[in-house]
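S.K.: just to be clear, the model below is a prediction. Sequence and coordinates:
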Amino acid sequence: MTYINKVDLVGRAGQDPEVRYFESGAMKVSLSLAVKPPYKSESPLWFDLELWGNIAQVAADWVTKGSTIGVSGELTLDKWTDKNTGELREKPVIKVNNLELISSSQKSTEYSNALVESY
């Protein structure tokens, strides 16, 4: 039997990317994504995103709070022990492996032009 774990979302960045660098040279970006439900009266759905490597660098350079982005990735569970209560906690996180800049902001337009000029 084959199992598929794939998530595709389009929404707006809820904050500027949070960038972390590691001693190994790896880079990780975390940010939240608000996805508008089909009915205007409903509150947006919020998702936590985690990006690594080149995709993380693109997000750090070009995504800002309010940017419209599309992401594809897999759903994972982050688990940790709460320092105050000692309880095991977990939250779903989408590990992004594809990022699309959709926003028509000046920054995104500059990036798109830079990509076209590099080919």
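M.R.: Thanks, I have the structure now.

S.K.: what's residue 54 sitting at in phi/psi?
M.R.: phi -60, psi -40 (degrees, to the nearest 10).

S.K.: may I ask which helix or strand of the chain has the lowest mean pLDDT?
M.R.: helix 106-118 (a mean of 49; mean pLDDT, DSSP states H and E).

S.K.: so which residues of this protein form helices?
M.R.: For the chain, applying DSSP state H gives helices covering 53-62, 106-118.

S.K.: what about stretch 6-17, distance to the chain center?
M.R.: Computed by CA atoms, centre = their mean, to the nearest Å, the chain-centroid distance of stretch 6-17 equals 5 Å.

S.K.: run through who's touching it.
M.R.: 29-36, 44, 46-47, 51, 59-60, 63-75, 94, 102 (CB atoms under 8 Å, 6 or more residues apart in numbering). Using the backbone N, CA and C atoms, a C-beta is placed for each residue, glycine as well.
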